[in-house]
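Colleague: Sharing a model prediction with you, sequence too.
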Amino acid sequence: MRPAEGLDDYLRDPIGRYLTGENFLHWYASRELCGFILWGIPGETQIQRLTQVLDVELAPAAPHLSLVDARRVEAPDPHGLSVLVKYMAPRISGFSQTVKRQALVRPEGLTGAVVGGFYSLVSSGYPTRAFADPGEALAWLNQPDEEARALVNELNDLVMRQQGQTPLLGELHRVLRNRLVDASLTDVSRQLGMSERTLQRRLREAGTSFQSELNTVQVRTAQTLLLESDAKLTSVAVEVGCASLQHFSGLFRKMTGESPSAWRARHRNKML
């Protein structure tokens, strides 16, 4: 797929192209298959921008299958999600004329439950189903296995480029998220199918290091826990693999410029 040169360009000619925003990517693989991807913590401004793009799926668009990939959403923003609900509510009948079937790939945990709840409010006009894996979602959308794998790989690469990540960093982060408590260079290298020396060399070439990426994933995971739960800071520290609250607080402040408690309070106030 090729990038569009802006919203007007994409609305005129979306087939075989994609359009990116700060926290989203909308794509049209063919006349019969399109979708969008969300990541991070998409807020009100980002979702407003996305709703402008979603008009491309309304008539005179051809009837199509749709894939919504929200598995990279780190925490729900109620203001952003309410924008999507307000956009979709008066347009359900319009989308029901063009969307034949839509699959949602949900995030894990509480974030997935919240996203799924909001999604159920805006998708009543056509058949929908939620999945944990994009390959399974595309199979439900009747996409052949080989074509589905190629599409998932292409979309993953596009998102990683938009996020400033290489495919290696994306895969490294995925592995680290599942083993923060006992993450080690030896075990992670083995899981990635390469030697420790190779992983370290490739990370140096990307301008980073294993420890730096581990710390990034620890803090991002902590941010999700701070927003989604009332867990004490000591519990969050243990959950993300920090040896002590002091270690966790120092790492968090170094990477965000705020203490964990101040960051939690500020972001929760924004969600009220």
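Modeller: Received, thanks. Numbers count the residues shown, from 1 in each chain.
Colleague: Residue 215 touches residue 250, doesn't it?
Modeller: No. Taking contacts as Cβ atoms under 8 Å, residue 215 lies outside contact range of residue 250: 10.8 Å. For every residue, glycine as well, the C-beta is placed using N, CA and C.
Colleague: what about the two, which has more around it?
Modeller: Just comparing residue 215 and residue 250: by other Cβ atoms under 10 Å the higher neighbour count belongs to residue 215, 18 against 13.
Colleague: So which bits of the helix or strand harbouring that one are buried?
Modeller: Per DSSP states H and E, residue 215 falls inside helix 210-228. Of the residues in helix 210-228, 210, 213-228 count as buried by neighbour count, 16 or more other Cβ atoms under 10 Å.
Colleague: distance between that helix and the chain's centre?
Modeller: With Cα atoms, centre = their mean, to the nearest Å as the basis, helix 210-228 stands 15 Å off its chain's centre.
Colleague: same for that helix, what does it pack against?
Modeller: helix 109-122, helix 167-177, helix 196-205, helix 233-239, helix 245-256, helix 260-271 (3 or more Cβ pairs under 8 Å, 6 or more residues apart in numbering; DSSP states H and E).
Colleague: can those helices go into TSV with extra columns for distance to residue 77?
Modeller: Listed next are the helices and strands packed on helix 210-228 as TSV, based on distance: least, Cβ to Cβ, whole Å:
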stretch	distance to residue 77
helix 109-122	10
helix 167-177	20
helix 196-205	31
helix 233-239	20
helix 245-256	17
helix 260-271	7
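Colleague: Save these as TSV, and put in mean pLDDT and distance to residue 44 too.
Modeller: Shown next, in TSV, are the helices and strands packed on helix 210-228 (pLDDT from 0 to 100; distance: least, Cβ to Cβ, whole Å):
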stretch	mean pLDDT	distance to residue 44
helix 109-122	75	14
helix 167-177	85	26
helix 196-205	91	36
helix 233-239	94	26
helix 245-256	92	21
helix 260-271	80	10
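Colleague: Show me the one of those helices that comes nearest residue 95.
Modeller: helix 109-122 (8.9 Å; Cβ to Cβ).
Colleague: by how many degrees do the closest one and helix 210-228 diverge?
Modeller: 60 degrees (axes from the mean of the first three to the mean of the last three Cα atoms, to 10 degrees).
Colleague: Tell me how many other residues crowd the residue lying closest to residue 145 once chain neighbours are set aside.
Modeller: The shortest distance from residue 145 to any non-neighbouring residue, by Cβ to Cβ, 6 or more residues apart in numbering, is to residue 139 (7.3 Å). Around residue 139 there are 15 other residues, counting by other Cβ under 10 Å.
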